[in-house]
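1. Sequence unavailable; structure follows:
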């Protein structure tokens, strides 16, 4: 069912093995002595470079060019591995979305972007719009291959849970299951959706934005602190989305205190 191009298999085989024991480390910022007004830390090198102006809606520019530019430039992006259930309860769905982000904490709000329209909604959006429920599962290194497998273009009614081999765990407020392997899962309820019209094909609905509210958090015991307010990055080891078919790891971090006026 899951096929990989022969040339990519060859390329993959030439790369070094994945370092499972790679630790999350903290290094100094590029310029620890930075002070007010210092600007960029590259000694002015970036000011010597020129920019190319791009009109996303210019005549003859393919929509795919905007897609490729944005997913390769707006990186890294968090991935919401969303589990949902059909209105009749017979169909379960699991799919990853990198057009996603947390936007507020009181109430806990998240946005997810879907390509397409409500009228011709694909599995996850169809389920979310009809039931008003889903679970957002955060992807970590230890199940990245399984999470990637849920992106398969399976027909409606085929469960990606089976394709991925991931484990369904019980939830408290919503009906869809959460991913047991996920270190952080968020039960969520739909707040509202908004459709957007295509610029390249006027009159055609091209995307849907969904706002959901987190109503329950599930954090693995070894990743949450005593106050239940902080997830340990060294345990979470989150996977982010980059351009093309690339994913990113978070293994090196820096800390910079916020300024006080």
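-> The structure has been received and is ready for your questions. The structure presented is a predicted model; accordingly, all values stated were derived computationally and were not measured.
2. ranges for the strands of the protein?
-> 25-27, 77-78, 80-85, 92-97, 100-105, 108-115, 133-138, 168-169, 178-179, 184-197, 205-219, 239-241, 247-249, 252-254 (DSSP state E).
3. now those strands in CSV, with distance to residue 260?
-> Using the backbone N, CA and C atoms, a C-beta is placed for each residue, glycine as well. Listed next are the strands of the chain as CSV, based on distance: least, Cβ to Cβ, whole Å:
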stretch, distance to residue 260
strand 25-27, 22
strand 77-78, 28
strand 80-85, 34
strand 92-97, 37
strand 100-105, 22
strand 108-115, 27
strand 133-138, 31
strand 168-169, 43
strand 178-179, 39
strand 184-197, 30
strand 205-219, 30
strand 239-241, 30
strand 247-249, 32
strand 252-254, 19
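4. Just say which of those is most tucked in.
-> strand 80-85 (a mean of 27; mean count of other Cβ atoms under 10 Å).
5. Okay, angle between that one and strand 184-197 too, please.
-> Angle of strand 80-85 versus strand 184-197, following axes from the mean of the first three to the mean of the last three Cα atoms, to 10 degrees, is 90 degrees.
6. quick one: strands adjacent to strand 80-85?
-> If you go by DSSP bridges, strand 80-85 pairs up with strand 92-97 (antiparallel), strand 133-138 (antiparallel).
7. okay if I get those strands as TSV plus distance to residue 171 and mean pLDDT?
-> TSV is the format used below for these (distance: least, Cβ to Cβ, whole Å; pLDDT from 0 to 100):
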stretch	distance to residue 171	mean pLDDT
strand 92-97	12	96
strand 133-138	6	98
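8. between those, which gets nearest to residue 66?
-> strand 92-97 (17.9 Å; Cβ to Cβ).
9. got a list of contacts for that closest one?
-> 79-86, 112-114, 123-124, 127, 139, 147-148, 150-151, 159-161, 164, 166, 168, 176-177, 179 (Cβ atoms under 8 Å, 6 or more residues apart in numbering).
10. now do stretch 21-34
-> Contacts of stretch 21-34 (Cβ under 8 Å, 6+ apart): 38, 41, 233-234, 237, 249-256.
11. tell me the angle the longest helix seen in the chain makes with strand 108-115.
-> Secondary structure of the chain per DSSP state H: the longest helix is helix 63-73. Here the directions of helix 63-73 and strand 108-115 differ by 140 degrees (the same axes, to 10 degrees).
12. What residues of helix 63-73 count as buried?
-> residue 71 (16 or more other Cβ atoms under 10 Å).
13. which other residues reach that helix?
-> 54, 56, 77, 98, 198, 200, 241-244.
14. List the buried residues of stretch 32-41.
-> Going by 16+ other Cβ under 10 Å, stretch 32-41 has no buried residues at all.
15. Quick check: end-to-end length of it?
-> Distance between the two ends of stretch 32-41: 10 Å, counting by Cα to Cα, to the nearest Å.
16. Grab the nearest non-local neighbour of residue 76.
-> residue 240 (3.3 Å; Cβ to Cβ, 6 or more residues apart in numbering).
17. coming back round to it: using CSV, lay out the contacts of helix 63-73 together with distance to residue 10.
-> Shown next, in CSV, are the contacts of helix 63-73 (distance: Cβ to Cβ, whole Å):
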residue, distance to residue 10
54, 34
56, 36
77, 28
98, 27
198, 38
200, 36
241, 24
242, 21
243, 21
244, 17
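18. That's all I had, so thanks and see you.
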